[in-house]
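Chemist: Structure, please.
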Amino acid sequence: MKKVSIMNIKGGVAKTTSTANLGACLSQQGYKVLLIDLDAQSNLSKLFKTYSMEDLAVSNVLLDKNLDIHNVIKRTDFENIDIMPANINLTFAEKSILIDNTRSQQNRLAKALSKLNDEYDYCLIDCPPSLNMITVNALCASDEVFVPIKIDKFALDGLEYLLDSIEEIKEEFNPNLNFKGCFITMDSATTVNKLIKQKLKNLLGDKIFNTTIKQNVKVVESTFEECPVVFSSKKARASINYKDLCNEVF
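Modeler: Got it, this is the predicted structure:
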């Protein structure tokens, strides 16, 4: 099972949308996909209609080493896609992890996922917009990291810090971690976009993916339909972009 974290310490860059739609693209190719919602806002869980305050969630996996991870995973309405949902309890899980010195703090998710015995082909992890212990668990459990970037005035802010942090976690905890690259979301053909794209190319070299996700109202509409856009509007520009990105990076 290849495990991929989709992360950026900035919010509003389409991490959740990208996790959902890349997972959907992989499922269409016949791959068995596990999505993990590691953001306390739980938007990925809500998109797939699996949000619940009563049921077990990913916070339980991080806090209870004896929990059977299969009891947390939920089926979705879509073939080949399962999800490990989140809820607001994830907000409090980090503090509990940090004060628990009876076992490792960084590799709890990795240990839990190791119990799945390759029941999935891909695991895509939707990370929170911060570099906290929850995110560190995602990176320690991952083989690769993708970073979505929305081009605006602050697009480059914090990017070098983020990349340095990924490298530090690779050196300290997960030598198999590979920063795969960045991709641009909500792209449009403006002068500012072209300028920032060139700066990103200068900074990242071949670590910037060729495929960009174009600005498309169908993406917003798909969230109200509680369905990835590649399913709800197959011919939409963003759907085609996500399929192209999937073929480029996987």
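
Chemist: farthest residue from the center of the protein?
Modeler: Computed with C-alpha atoms, centre = their mean, the residue of the chain farthest from its C-alpha average is T191, at 29.0 Å.

Chemist: So Q41 versus V136, what's the distance?
Modeler: Q41 sits 18 Å away from V136, taking C-beta to C-beta, to the nearest Å as the criterion. Yep, even glycine has a C-beta here, placed from its N, CA and C like the rest.

Chemist: Looking at those two, which one has more neighbours?
Modeler: More crowded of Q41 and V136, by other C-beta atoms under 10 Å: V136, with 24 against 18.

Chemist: thought that one was touching I166?
Modeler: No: at 10.4 Å, V136 does not count as touching I166 under the criterion of C-beta atoms under 8 Å.

Chemist: can you map out the strands along the chain?
Modeler: 2-6, 33-37, 74-75, 81-84, 122-126, 144-150, 178-185 (DSSP state E).

Chemist: Turn these into TSV, including mean neighbour count.
Modeler: As requested, those are arranged in TSV below (neighbours: other C-beta atoms under 10 Å):
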stretch	mean neighbour count
strand 2-6	23
strand 33-37	27
strand 74-75	15
strand 81-84	25
strand 122-126	26
strand 144-150	22
strand 178-185	20
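
Chemist: Of those strands, give the one that comes closest to G12.
Modeler: Ranking those by distance to G12, with C-beta to C-beta as the measure, places strand 144-150 first at 6.4 Å.

Chemist: and for that closest one, what are the contacting residues?
Modeler: The contact list for strand 144-150 (C-beta atoms under 8 Å, 6 or more residues apart in numbering) reads 2-8, 10, 12-15, 18, 139, 155, 159, 162, 166, 177-186, 200, 213, 249.

Chemist: What angle do strand 178-185 and that strand make with each other?
Modeler: 20 degrees (axes from the mean of the first three to the mean of the last three C-alpha atoms, to 10 degrees).

Chemist: List the buried residues in the helix or strand of the chain with the lowest mean pLDDT.
Modeler: Using mean pLDDT, DSSP states H and E, helix 191-204 stands out as the lowest-scoring helix or strand of the chain, at a mean of 84. Judged by neighbour count (16 or more other C-beta atoms under 10 Å), helix 191-204 contains these buried residues: N193, I196, K197, L200, L204.
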